[in-house]
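K.L.:
quick one: sequence and predicted model below, then my questions.
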Amino acid sequence: CNGDKKKETQVVEEEKTVQVPNFNPDSAYQFIKHQVDFGPRVPNTPAHRQAGEYFISKFESYGAKVQTQDFEATTFDNHTLNLRNIIASFYPEKSKRILLAAHWDSRPYADKDVERPNEPIAGANDGASGVGVLLEVARVLSESNPPDVGVDIILFDGEDWGELHNGQSIELPGNLDSWWCLGSQYWSKNKHDKGYSAYYGILFDMVGAKGAQFPMEESSMYYARSIVEKVWSRAEKLGFSNYFIRKQPGGITDDHVFVNQYAKIPMIDIVHYDPANGYFGDFHHSHKDDMEIISKETLEAVGQTTMGVIYYE
């Protein structure tokens, strides 16, 4: 042993530098306000139909290939709904694809509110915020250099007409796994294009409230742990770790569950969590869910993280 030792060198792989387009939270906020201005987007109402036409026209104006899925579903309280999933595809020629989704209908009952519990809610955060983020993503994609992946945006209908809070459980028919998430259940079993798949998916649910926090939801971790890590790490690199928190408080039934189970696409849920009240927050399914609770700072955290995830693929 002559004392000569080869120096050990540690190789650190540097992340590639990518020009990521800027997400505009002011624009996303206006997309949310425009939806709220229609009135509650409750299925079978004029506001619901008008909102659907608005989404289609916006996606088409941004150069997306737009398809719709019209179908009927029966609710827990025996209403027959005329529902419509809206699918917008960017760069359809690209084989590697990312799926982004939100629900666009709003709750027909304010059943967690002591005032006017039988009236529909505005749904600024629960519904409109996720759609607002995705409309802004679509706008930015239309004006920017394309990423290396294709992007599909799905607006699921009929997510929010589930059983009443503290109401009795209603037996499900054989074709449903839940009274909630009617649009995602339908799409997951009847995809818009036969054989469609995506590398992974991200669901946006209640992503616009002031001071919001988004935990690592249990079903997301079970089905798509690596995608949770990808998104939360990107948020941290952008300085948004106060929004994307590394806590695992349990799971919820949301649209991503059925996309995982039936469509076999690993999808995660970015969903509002309140440390004091658990998932959803005290405004959930109440008349407090209006534009007063929407924050441009929260929208920027979610939207810019999403743009980073897309462009770093």
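P.N.:
Sure, I can see it. Numbers count the residues shown, from 1 in each chain.
K.L.:
now do the lowest-mean-pLDDT helix or strand in the chain: distance to the chain's middle.
P.N.:
The helix or strand of the chain with the lowest confidence, counting by mean pLDDT, DSSP states H and E, is strand 278-279 at a mean of 86. Centroid displacement of strand 278-279 relative to its chain, using CA atoms, centre = their mean, to the nearest Å, is 17 Å.
K.L.:
before we move on, what about stretch 228-243?
P.N.:
With CA atoms, centre = their mean, you get 16 Å for stretch 228-243.
K.L.:
contacting residues around it?
P.N.:
202, 212-214, 216, 220-221, 244, 246, 268, 270, 298, 301-302, 304-305, 308-309, 312 (CB atoms under 8 Å, 6 or more residues apart in numbering). C-betas here are computed from N, CA, C, even on glycine.
K.L.:
run through the bridge partners of Tyr200.
P.N.:
Beta bridges link Tyr200 to Ile98, judged by DSSP bridges.
K.L.:
same check, this time on Ile294
P.N.:
In beta-bridge terms (that is, DSSP bridges), Ile294 pairs with Ala209.
K.L.:
so it makes contact with Ala124?
P.N.:
Yes. With contacts counted by CB atoms under 8 Å, Ile294 reaches Ala124, the gap being 5.5 Å.
K.L.:
between these two, who's got more neighbours?
P.N.:
Ranked by neighbour count (other CB atoms under 10 Å), Ile294 and Ala124 place Ala124 first, with 25 against 22.
K.L.:
ok, Gln213 - contacts?
P.N.:
Taking CB under 8 Å, 6+ apart, one finds Asn242, Tyr243, Ile245, His272, Tyr273, Asp274, Pro275 in contact with Gln213.
K.L.:
still on that earlier bit, which residues do Ile294 and Ala124 both contact?
P.N.:
Shared contacts of Ile294 and Ala124 (CB under 8 Å, 6+ apart): Ile32, Gly208.
K.L.:
returning to that earlier point: can you list the neighbours in contact with the least confident helix or strand of the chain?
P.N.:
Against strand 278-279 from outside (CB under 8 Å, 6+ apart): Pro249, Gly250, Ile252, Val271, His272, Tyr273.
K.L.:
look up the closest residue to the last one, ignoring the ones flanking it.
P.N.:
Excluding the flanking residues, the one nearest Tyr273 by CB to CB, 6 or more residues apart in numbering is Pro215, at 4.6 Å.
K.L.:
same question for the fourth one.
P.N.:
Nearest-residue entry for Val271: Asp205, 4.5 Å, with adjacent residues in sequence omitted and distances by CB to CB, 6+ apart.
K.L.:
my read is that the one you found contacts Met267, right?
P.N.:
No. Under the criterion of CB under 8 Å, Asp205 makes no contact with Met267, lying 11.5 Å away.
K.L.:
from Tyr222, how far out is the residue nearest to Tyr273?
P.N.:
14 Å (CB to CB, to the nearest Å).
K.L.:
check Val114 too.
P.N.:
36 Å.
K.L.:
who's more crowded, these two?
P.N.:
Tyr222 (13 against 8).
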